[in-house]
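# this one's sequence-less:
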């Protein structure tokens, strides 16, 4: 439910974002927007062809500084990333695919930042 709420917000957010013509420019712009909204500080930590993109989120609004509960808890942020990137991927001239995200690192698991794998 929370992941789907994030997707919905991501879809709405995409409509407000300035459209960029390539992934790198768009991801940089998206990262600035997340920082402005105080959702977190995003960076792409790994991008290799035919591998999931890894997006790092520092100072995540859901979990930054929380105690280790032995699980990832940032479903909303994962949904926002999936929603925005799906909309961008379906924007004219791109992939026409659904983007899914899975959180692999989280304060909730004892990490000091969140990391999301992006699958397309």
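Thanks, I have the structure now. From a predicted model like this one, the values you see are computed outputs, not experimental measurements.

# residue contacts, the residue most central in space within the chain?
When the chain is reduced to its mean C-alpha position, the closest residue under C-alpha atoms, centre = their mean turns out to be residue 81, at 2.8 Å. Residues near residue 81 by C-beta atoms under 8 Å, 6 or more residues apart in numbering: 6, 10, 55, 99, 101, 116, 118. Just so you know, the C-beta spots here come from the backbone N, C-alpha and C atoms, and that holds for glycine as well.

# same deal with residue 118?
When contacts are counted by C-beta under 8 Å, 6+ apart, residue 118 is found next to 52, 53, 54, 55, 81, 82, 85, 99, 100, 101.

# did I read that right, it in a strand?
Yes - using DSSP: H, G, I helix; E, B strand; the rest coil, the secondary structure at residue 118 is a strand.

# circling back to that earlier point, cross the contacts of residue 118 against strands and list the overlap.
With strands defined by DSSP state E, the entries of these inside them are 53, 54, 55, 100, 101.

# next one: stretch 106-114 to chain centre, how far?
Averaged C-alpha coordinates place stretch 106-114 at 15 Å from its chain's average position (C-alpha atoms, centre = their mean, to the nearest Å).
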